[in-house]
Every structure is written in structure tokens, then in C-alpha cells.
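In: Starting from these lines, generate the structure:
(chains A, B, C and D)
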Number of protein chains: 2
Amino acid sequence: MTKPAEDTIAVRIARILAERIIAGAIEPGSRLRQDHVAEEFATSHVPVREAFRRLEAQGLAISEPRRGVRVASFDLSEVKEVAAMRAALEVLALRHAAPHLTAAILDQAEQARRDCDAATDVRSWEEANRRFHRSLVAPCGMKRLLATIDDLHAASARFLFSAWRSEWEARTDHDHRTILNALRNGDLETAVATLARHAQWIGERPVRTASGATREAFAIVG
Amino acid sequence: MTKPAEDTIAVRIARILAERIIAGAIEPGSRLRQDHVAEEFATSHVPVREAFRRLEAQGLAISEPRRGVRVASFDLSEVKEVAAMRAALEVLALRHAAPHLTAAILDQAEQARRDCDAATDVRSWEEANRRFHRSLVAPCGMKRLLATIDDLHAASARFLFSAWRSEWEARTDHDHRTILNALRNGDLETAVATLARHAQWIGERPVRTASGATREAFAIVG
DNA sequence: AAGATCAAAATTATAGATAATTTTGATCGC
DNA sequence: GCGATCAAAATTATCTATAATTTTGATCTT
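Out: Numbering: from 1, shown residues only, chains lettered A, B, ... in the order given. So this is what the prediction gives:
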């Protein structure tokens, strides 16, 4: 295989499956069958089961005893829930990170902001956006908080990819600029207020479904 | 056994180990050896490993590849982190729950508040306190948010039991009363502000260590 | 003695096999 | 035809066995 891997097989499987679920490669609600996954990765099903537990913890899968594991589905109310949690926790993290923000860190964020605005596809936009947010909150140094925020970002990305699968139009994110400027000027309250609003921005656009009908899709685009 | 159990063995083991860790029955930092646990529960180590993954997700244990699993340790900074997260998320939950708070729910909270003030030992205080908080935020109906809050409560309880292991003095919690009254009067902002402060109240008291020395212990008592 | 080195023991991680449960699909009765 | 019933197939959950890694402890060297 490509990587002999430092970490355990279960971790690798979990990471790959997570990517697929986030990217929408596996349909929400579809079953994850341990033997099939095990066969694909050429292992037994013990590591597979452990990988499932990790996915479950991240909220990407749900498992019912004796009935197996399914890819978690999501609706608008869940999108809103994740957005609200992200807003609350990122604000908290930013408040704690603020005293530790250096010029170098703000420059990294600036670069991420530019990459974001320049992105021509949803995947690279998401990567840059995540990098922007993470660079600002990471200096808080609160591991548990950061881990929770990461999981929420993964969930956000899932919604995003599901809706904007193919098309993406570059757009300048004014909020990102406002947040950065405020932080540069030491105006934490403006930064926090903007972030709180920003992270809950739910985009909305029509999406053509498999059956040909058009439905509204929602995603966190902040 | 006492319970043939509906759910899987792994879930049962995870629950029991979680109780022990929270109660302080297992020393922080000590290793959890899968074969020993497996022997105790008269199973093989496969379900034990899955239980470990669950504990890891709850933040009660940490696992290093090939080196096994340890009970997570914690220091004052982590106590503060959990308290801050709880405050942020419970405030969020309360805001969403407020429109759904009925008289019956407030009565349940009232009962929990009374049990709390009447508690003569730390364990029953913790149970009543958790019941109080949960009754107020549960009506928000946001599953992911509530699950996260529950995990944070478990972590809080761990700190609490570690510090107040034996002694406990009944005390009237004025914040609980303030929150309830505000909610009864429809004054959400007062309730939220009080809760935000309350959940971050870190108690502090001297504890005699095994070696006879006295050190400060900290715990979330809100 | 203190430290390094290597082998034995313990422990983790994975594989392969078995038991138990659920799902599927076909048959029977109405 | 439509629904219920039961058996076969598929799948999950667990157990036993094996391979790989880490830890432990004893010996040897300086």
C-alpha cells in the first residue's frame, strides 16, 4: 500500500471513511458493512469495527446494536445546530486565543483568507476556510475545545459538499476581512461579534437531485 | 450476571468503566489493560477495545498506538476549559430551549434545585445538579449539542469527585434560584447571564493527599 | 555502582473461526 | 394479487489464536 502507517489500521480506515462521508461519496443513510470494508482494506473486521466507533464519535455515522452502522443523515435543523455550536465554541476559542495572536499568525490567516477568496472549487475553498478559522482559534491551546471544533467543521464540510458538489463561484468574504482587521486593531469585540454571525451564515441554493427534481440545499458557508 | 443487557457488551463495559473513572475509582494516568478488563468481565478483549474507543471519545481516556490506553489525567487548566465549554454550550442550549419550557418542566427543575440544596453528599448533589441543568436545556431538542454537554458534565463530575471525595456540606445555590425565577418571569437574558457565570464557578478547597501533604483541589461546582 | 544491552515476559493489534441475530426472499393462504 | 409466515442467506458480535511491539529485568561492561 501507499503508507505502511505509523498509527493503527483502525485510525487509517476511520480517516479514509471520514473523507468519503464528508465528500459525499457515500450516501447518507447507507449501511457500512464491516466485512465489505474489511475486504476492501485487506484486513479483518476488528479494526473496521474500531474505525466505526471513531466515526460514530465524530457524528459521521450512527450505530444501532446488532443492526450495524449507517452513514449519518442530516437535515436543515442539523445544519443549523452544527452552525450554532461552531459559532459558540469558536467565539469562546477566539477570546482565549486573542492574547496569543502574533503578527505571524495573523499573516497566516491573511494568506488563508486570500486563498479562500481565490478558490475556484468548493474543495479548495473549504480547505482554505478551515485553515483561516483554525489559525485564529488554535492559539487558545485548549485541546478539547479545538478537537470539538474540528469535528464540527467536518460536519459543516459535509453539508457544504453535499450542496455545492460541482459548481463554485469565487466570492470575496467580507466577514473574514472584518475579523482580521478588527484583530489587527485589537478590537476583540468586533471580531467576536462578526465571527458569531459569520459562522452561522447558512447558504441556500437549488440542487438537482438524482430523480431530476429540484430541491433546496443548505450549507454552512462561513 | 445482573443484566443480560439489551445493548452490546462493549457498551456495558464502557459504561461501567466510565462510572469508575468519573468516581475516581481508577487513578488518572493508570493504564487500562485490555486482557485484565476482559478477564474481569468474562469476555474476550475485542469488546473491551471497542469500549476503550468510546471512553476515548468522551475524553475519559487517551490511547497511544501500540502502547495502550490510560485514564486521562487533568489539571486546573482542563477544569477551566471544560467549565468554559459547558457555559458556552449550555447558554446556547438554554436559548433554544426557552420557547419550549413549560410549567411542568420548570417544576421538575424546581424539584431538582431543592434536591440539590438538600444534598448531604457529593454524589447525590452531583446527580441533582445534573438533573437541574439537563431539565432546562433538554427541551432545545438538539441531540448533538445535548450529547456534547453530557460529556462535559461527566468530565466536571470527575473533577468534583476527585476533590470532594468524602466530605460535603449542604449549601443553598443562589444561582439556581435566580435562573429559575428569571425563566418563570420570561426574563431569558438574566437567566442566560446567570447561567454563563454559574457554570464557570470553580470551587477551591484544600485536600489531604496520600502523602499527608495538603494541596489545593479545584472543581466545577455549578 | 551506573549505565547500556539484550532476551524474556507481558501486552497490544490483527487474523481467522464460531455463534447469534437480522434481513431477505420465496411460499402459502386468503 | 396482497399480506403473513418461515427458512435460507447475509451480517453482526464475539471468541480463540497468532503476530508484532513494547516493557521489564537481568546481565555485562566500564
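In: got the residues of chain A near chain B?
Out: A:6-8, A:11, A:46, A:49-50, A:53-54, A:56-57, A:59, A:65-66, A:78, A:81-82, A:84-85, A:88-89, A:91-92, A:96, A:142-145, A:148 (C-beta under 8 Å from any C-beta of the partner chain). Placement of C-beta: from N, CA and C, glycine included.
In: rerun that using 7 Å as the cut-off
Out: A:7-8, A:46, A:49-50, A:53-54, A:57, A:59, A:65, A:81-82, A:84-85, A:88-89, A:92, A:142, A:144-145, A:148 (C-beta under 7 Å from any C-beta of the partner chain).
In: Sort out for me which of the residues you listed are in strands.
Out: Judged by DSSP state E, strands contain none of those.
In: Chain A: strands as residue ranges?
Out: Ranges of strands in chain A, per DSSP E, are A:31-32, A:61-64, A:68-71, A:202-208, A:214-220.
In: filter the residues of chain A next to chain B to the buried ones?
Out: A:46, A:49-50, A:53-54, A:57, A:59, A:81-82, A:84-85, A:88-89, A:92, A:142, A:144-145, A:148 (16 or more other C-beta atoms under 10 Å in any protein chain shown).
In: could you pick out which of the residues you listed are near DNA strand D?
Out: Contacts with DNA strand D within these, counted by C-beta under 7 Å from any atom of the strand: A:Val46, A:Arg49.
In: quick one: which of the buried ones among the residues of chain A next to chain B sit in helices?
Out: With helices taken from DSSP state H, the overlap with those comprises A:46, A:49-50, A:53-54, A:57, A:81-82, A:84-85, A:88-89, A:92, A:144-145, A:148.
In: Looking at those residues, which is nearest B:Leu160?
Out: A:Arg144 (17.2 Å; C-beta to C-beta).
In: quick one, what contacts the closest one?
Out: Contacts for A:Arg144 (C-beta atoms under 7 Å, 6 or more residues apart in numbering or on different chains) come out as B:Gly59, B:Glu81, B:Val82.
In: please redo it, this time with the cut-off set to 8 Å
Out: Going by C-beta atoms under 8 Å, 6 or more residues apart in numbering or on different chains, A:Arg144 touches B:Gly59, B:Glu78, B:Glu81, B:Val82, B:Met85.
In: Dump those to CSV, plus distance to B:Arg171 and pLDDT.
Out: Listed next are the contacts of A:Arg144 as CSV, based on distance: C-beta to C-beta, whole Å; pLDDT from 0 to 100:
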residue, distance to B:Arg171, pLDDT
B:Gly59, 28, 96
B:Glu78, 25, 91
B:Glu81, 25, 95
B:Val82, 22, 95
B:Met85, 25, 98
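In: so which of the residues of chain A next to chain B also contact DNA strand C?
Out: Applying C-beta under 7 Å from any atom of the strand to those, those adjacent to DNA strand C are A:Thr8, A:Val46, A:Glu50.
In: Give me the below-cutoff pLDDT ranges for chain A.
Out: Applying pLDDT under 70 to chain A flags residues A:1-6, A:165-166, A:203-220.
In: Skip the chain neighbours and tell me the closest residue to the residue in chain A positioned nearest to chain B.
Out: Proximity of chain A to chain B (C-beta to the nearest C-beta) peaks at A:Ala57, 3.3 Å away. Leaving aside its sequence neighbours, A:Ala57 sits nearest to B:Ala57 (C-beta to C-beta, 6 or more residues apart in numbering or on different chains; 3.3 Å).
In: measure the one you found to B:Arg15 for me?
Out: Computed as C-beta to C-beta, to the nearest Å, the B:Ala57 to B:Arg15 distance reads 13 Å.
In: For A:Cys116, grab the count of nearby residues.
Out: The criterion is other C-beta atoms under 10 Å in any protein chain shown. On that basis, A:Cys116 has 22 neighbouring residues.
In: got the contact list for the nearest residue in space to it that is not next to it in sequence?
Out: With C-beta to C-beta, 6+ apart as the criterion, A:Cys116 has its nearest non-adjacent residue at 4.1 Å, and that residue is A:Ala128. Contact analysis of A:Ala128 by C-beta under 8 Å, 6+ apart lists A:Ala112, A:Arg113, A:Asp115, A:Cys116, A:Ala119.
In: Restricted to helices, list these.
Out: Judged by DSSP H, the contacts of A:Ala128 include A:Ala112, A:Arg113, A:Asp115, A:Cys116 as members of helices.
In: Roughly how far does the third one sit from DNA strand C?
Out: By that I understand A:Asp115. 35 Å (C-beta to the nearest atom of the strand, to the nearest Å).
In: And for the second one?
Out: Taking C-beta to the nearest atom of the strand as the measure, A:Arg113 falls 39 Å from DNA strand C.
In: Contacts only, for that residue.
Out: Contacts here follow C-beta under 8 Å, 6+ apart; on that basis A:Arg113 touches A:Ala128, A:Phe132, A:Asp173, A:His176, A:Arg177, A:Leu180.
In: Which members of those are classed as buried?
Out: Here, 16+ other C-beta under 10 Å leaves A:Ala128, A:Phe132, A:Asp173, A:His176, A:Leu180 buried among those.
In: Skip the chain neighbours and tell me the closest residue to A:Lys80.
Out: A:Ile202 (6.7 Å).
In: Could you double-check that the one you found sits in contact with A:Ser77?
Out: No - with contacts counted by C-beta atoms under 8 Å, A:Ile202 stays clear of A:Ser77, the gap being 11.2 Å.
In: which bits of chain A sit near DNA strand C?
Out: So far as C-beta under 7 Å from any atom of the strand goes, chain A lies against DNA strand C at A:Thr8, A:Ile9, A:Ala10, A:Ala42, A:Thr43, A:Ser44, A:His45, A:Val46, A:Pro47, A:Glu50, A:Arg66, A:Arg67.
In: Pull out the buried members of the residues you listed.
Out: A:Ile9, A:Ala10, A:Thr43, A:His45, A:Val46, A:Pro47, A:Glu50.
In: Contacts only, for the second one.
Out: A:Ala10 makes contact with A:Pro47, A:Val48, A:Glu50, A:Ala51, A:Arg54, according to C-beta under 8 Å, 6+ apart.
In: ok, now with 10 Å
Out: Contact analysis of A:Ala10 by C-beta atoms under 10 Å, 6 or more residues apart in numbering or on different chains lists A:43, A:46-54, B:49, B:53, B:65.
In: A:Cys140 contacts A:Pro99, doesn't it?
Out: Yes - with contact defined as C-beta atoms under 10 Å, A:Cys140 reaches A:Pro99; the gap is 9.1 Å.
In: Which one's more surrounded, these two?
Out: A:Cys140 (22 against 9).
In: So the more buried one versus DNA strand C, what's the distance?
Out: Distance, A:Cys140 to DNA strand C, by C-beta to the nearest atom of the strand: 30 Å.
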